[in-house]
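*Asks:* next one to model:
(2 chains, ligands or ions: 2)
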Amino acid sequence: MVADGNTPAPPERLWRNPEPKRNYDVVIVGAGGHGLATAYYLARNHGITDIAVVERGWLAGGNMARNTTIIRSNYLLDASAALYDHALRLWEELPEELEYEFHFSQRGVLNLAHTEQEVRDARRRAFANELNGVDAEWLTPDEIAEVCPILDTSPNLRYPVLGATYQRRAGIAKHDLVAWGLARKCDEMGVDFIQNREVTGFLTDEDRVVGVRTDKGDIGAGRVGLAAAGRTTLLTDTLGLRLPLQSHPLQAMATEILEPVHPCVVMSNHVHVYTSQAHKGELVLGAGIDTHNGYAQRGSVHVVENQLAAAVELFPVFARAHLLRTWAGTVDVTPDASPIIGPTPYENLFVNCGWGTGGFKATPGAGWVFAHTIATGAPHPLNEPYGMERFTTGALIDEHGAAAVAH
Amino acid sequence: MLLVRCPWCGDRDEAEFRYGGQADVDYPADPHQLDDAAWGEYLFVRANPLGSFNERWVHTAGCRRWFSLVRDTATNEMSPDIPRRRESR
Ligand SMILES: Cc1cc2nc3c(=O)[nH]c(=O)nc-3n(C[C@H](O)[C@H](O)[C@H](O)COP(=O)(O)OP(=O)(O)OC[C@H]3O[C@@H](n4cnc5c(N)ncnc54)[C@H](O)[C@@H]3O)c2cc1C
Ligand SMILES: [Zn+2]
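*Replies:* Ligands and ions are numbered 1, 2, ... in the order given. Next up, the predicted model:
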């Protein structure tokens, strides 16, 4: 199983599997990365430990198990840079704090530019990053070749690499281990994980949510936080609360385990693929959503073909690798490609959703601000711009395009 | 890959089409009557059901015409009915 001998074998039991109590101070729907991080920071920062995290499948078996683990904070807009860089700073302290090695590797991300317009946009983003205290550099093709020798930086490509932004603090982590580390600490602090139980709706008292309905009985709650990713609207629809979310398949893929050849993360918006090499040695590739709505956790093969064509063009050595697996998750996409985090018109109901294709990188940051929102009833300054009311006021946080590729 | 039924060209690979999202979302008859919430909802909010979904496709690499069909978003099963052609207005 283990190629490098460093990945710890999963220990016997990291959390209990309790029967739920009838009532909790806080019920969180969804034990993905965000639900786990929210429970963790509710306990750590706010002293709230009477928490159930209710999960329809198994702990961290949704997008948390399926993402390509790219972590970066080089977003253009002020609200995004603040939110994602806060998350990155939390990543930097989390391994020690969780006392759990999850292979957070700050190996750097290159965001390639292939056209003159992309060069201008990318440099503008790097300047904006610097002004926001986010590390960013602009690299020429020769400098890129030093960082990532297997990348074809010759002028012969159909879309030659004209330059790239480089964020050194960016990187990857092992998603399953992140989830297990968070779950272990939560369990130690008394959080109950209720797996294989689907939340089907809410218990309400007029405009107040007082608990959740599940497929195996009701659970009362002082407050309810949704961290249900692609299935969020299935829940909010039961209240007639319409959120601007569309659920799409998002695919990724991995090759067999190879010797280390790929030293960093490379993302290309223009030819649309992003790549890294996982700690174990698989080349991991991904790109954009399948355009149709869907909950099937599977996508279409032409989407995979497009990404592979782009990857082989940029990395000629990849032509020799064998693709072993492709898979998909269900991601919840907003019109401005930014998440929705905040209170709802229902008292005691809070939402964290709309992270779409790029929420793994925000896991600890999302948990931090969502825990604050649930504990105090009001947003943290970092998620204040991210309330659902922006779709009425028009104060969008439009990261489409601005943020290089989606992830 | 999905097999999409164009009412004019028959069953064709999904790669020949572009997706258009929820069908039958009409431009408000009198936009000035809408308050900010209703206008925001028209602009940004679309149904996102698990199950039957009435949605639009355009046959970009074929006849280049728009049509609507019903697909199950959980299974991708498409209704065998000939998709509706909607008269342009
Ligand atoms: C292929 C792919 C690649 C990606 N790559 C990246 C990347 O490189 N970098 C990045 O930052 N992000 C990436 N993402 C996005 C990232 O995975 C998500 O934004 C993030 O995981 C969402 O938060 P989460 O971990 O809490 O979601 P999830 O793990 O999906 O958690 C939601 C949980 O809620 C549960 N749930 C839903 N409804 C109910 C219900 N009614 N009752 C009980 N439980 C329920 C689900 O079963 C699930 O476990 C990628 C996603 C995919 C699919
Ligand atoms: Zn046609």
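*Asks:* count of neighbours near A:Ala65?
*Replies:* A:Ala65 has 17 neighbours, counted by other C-beta atoms under 10 Å in any protein chain shown. Placement of C-beta: from N, CA and C, glycine included.
*Asks:* might one say that it is in contact with A:Leu177?
*Replies:* No: shown here, A:Ala65 and A:Leu177 do not form a contact pair, counting by C-beta atoms under 8 Å, at 11.5 Å.
*Asks:* next, A:Leu88: phi, psi?
*Replies:* Its backbone dihedrals place A:Leu88 at phi -60, psi -40, with angles given as degrees, to the nearest 10.
*Asks:* which ones are touching it?
*Replies:* Listed by C-beta atoms under 8 Å, 6 or more residues apart in numbering or on different chains, the contact partners of A:Leu88 are A:Ile71, A:Arg72, A:Ser73, A:Arg169, A:Ala170, A:Lys361, A:Gly365.
*Asks:* same thing with A:Tyr100?
*Replies:* Residues in contact with A:Tyr100, defined by C-beta under 8 Å, 6+ apart, are A:Leu177, A:Trp180, A:Gly181, A:Arg184, A:Lys185.
*Asks:* can you tell me the closest non-neighbouring residue to the third one?
*Replies:* It stands for A:Gly181. In space, and not counting its chain neighbours, A:Gly181 is closest to A:Tyr100: 3.3 Å by C-beta to C-beta, 6 or more residues apart in numbering or on different chains.
*Asks:* quick one: that neighbour from ligand 1, how far?
*Replies:* With the distance defined as C-beta to the nearest ligand atom, to the nearest Å, A:Tyr100 ends up 17 Å from ligand 1.
*Asks:* alongside ligand 2, which residues does chain B contribute?
*Replies:* B:Cys6, B:Trp8, B:Cys9, B:His59, B:Gly62, B:Cys63 (C-beta under 5 Å from the ion).
*Asks:* swap in 8 Å and give it another go.
*Replies:* Proximity of chain B to ligand 2, by C-beta under 8 Å from the ion, involves residues B:Cys6, B:Pro7, B:Trp8, B:Cys9, B:Gly10, B:Arg12, B:Glu16, B:His59, B:Gly62, B:Cys63, B:Arg64, B:Arg65.
*Asks:* neighbours of the first one, how many?
*Replies:* Taking other C-beta under 10 Å as the criterion, the count of residues near B:Cys6 is 21.
*Asks:* partner residues bridging it?
*Replies:* The residues paired with B:Cys6 through beta bridges, assigned by DSSP bridges, are B:Gly10.
*Asks:* and it, how far from A:His248?
*Replies:* In this structure, B:Cys6 and A:His248 are 22 Å apart, going by C-beta to C-beta, to the nearest Å.
*Asks:* chain B: helices as residue ranges?
*Replies:* Per DSSP state H, chain B carries helices over the ranges B:36-44.
*Asks:* what's the residue closest to the geometric middle of it?
*Replies:* By C-alpha atoms, centre = their mean, chain B has its centre lying nearest to B:Arg56, at 1.5 Å.
*Asks:* what does the stretch 1-150 of chain A put close to ligand 2?
*Replies:* Near ligand 2, no residue belonging to the stretch 1-150 of chain A is found when assessed by C-beta under 8 Å from the ion.
*Asks:* sorry, back to before: residue contacts, the residue nearest to the residue nearest to the centre of chain B when sequence neighbours are not counted?
*Replies:* Closest residue to B:Arg56 apart from its sequence neighbours, by C-beta to C-beta, 6+ apart: B:Gly20 at 3.2 Å. B:Gly20 sits next to B:Glu55, B:Arg56, B:Trp57, B:Val58, B:Trp66 when contact means C-beta under 8 Å, 6+ apart.
*Asks:* in which helix or strand would I find the most far-flung residue of chain A relative to its centre?
*Replies:* Note on chain A: the largest separation between a C-alpha and the mean C-alpha position, by C-alpha atoms, centre = their mean, falls on A:Asn156 (34.8 Å). Counting by DSSP states H and E, A:Asn156 is held by no secondary-structure element, helix or strand.
*Asks:* please report phi then psi for it.
*Replies:* Dihedral pair for A:Asn156: phi -80, psi -10, per degrees, to the nearest 10.
*Asks:* any idea how far it lies from ligand 1?
*Replies:* Distance, A:Asn156 to ligand 1, using C-beta to the nearest ligand atom: 29 Å.
*Asks:* still on that earlier bit, now, the contacts of A:Leu88 that are in helices?
*Replies:* In helices, judged by DSSP H, the following of the contacts of A:Leu88 are found: A:Gly365.
*Asks:* export the contacts of A:Leu88 to JSON lines and tack on neighbour count and pLDDT?
*Replies:* Rendered in JSON lines, the data for the contacts of A:Leu88 read as follows (neighbours: other C-beta atoms under 10 Å in any protein chain shown; pLDDT from 0 to 100):
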{"residue": "A:Ile71", "neighbour count": "26", "pLDDT": "98"}
{"residue": "A:Arg72", "neighbour count": "27", "pLDDT": "98"}
{"residue": "A:Ser73", "neighbour count": "28", "pLDDT": "98"}
{"residue": "A:Arg169", "neighbour count": "20", "pLDDT": "98"}
{"residue": "A:Ala170", "neighbour count": "27", "pLDDT": "98"}
{"residue": "A:Lys361", "neighbour count": "26", "pLDDT": "98"}
{"residue": "A:Gly365", "neighbour count": "28", "pLDDT": "98"}
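*Asks:* show me which of the contacts of A:Leu88 is closest to A:Val26.
*Replies:* A:Gly365 (19.0 Å; C-beta to C-beta).
*Asks:* hang on, isn't the closest one packed against A:Glu92?
*Replies:* No: distance between A:Gly365 and A:Glu92: 11.6 Å, which falls outside the contact criterion (C-beta under 8 Å).
*Asks:* if I've got this straight, A:His262 is in a strand?
*Replies:* No: the secondary structure assignment for A:His262 gives coil rather than a strand, going by DSSP: H, G, I helix; E, B strand; the rest coil.
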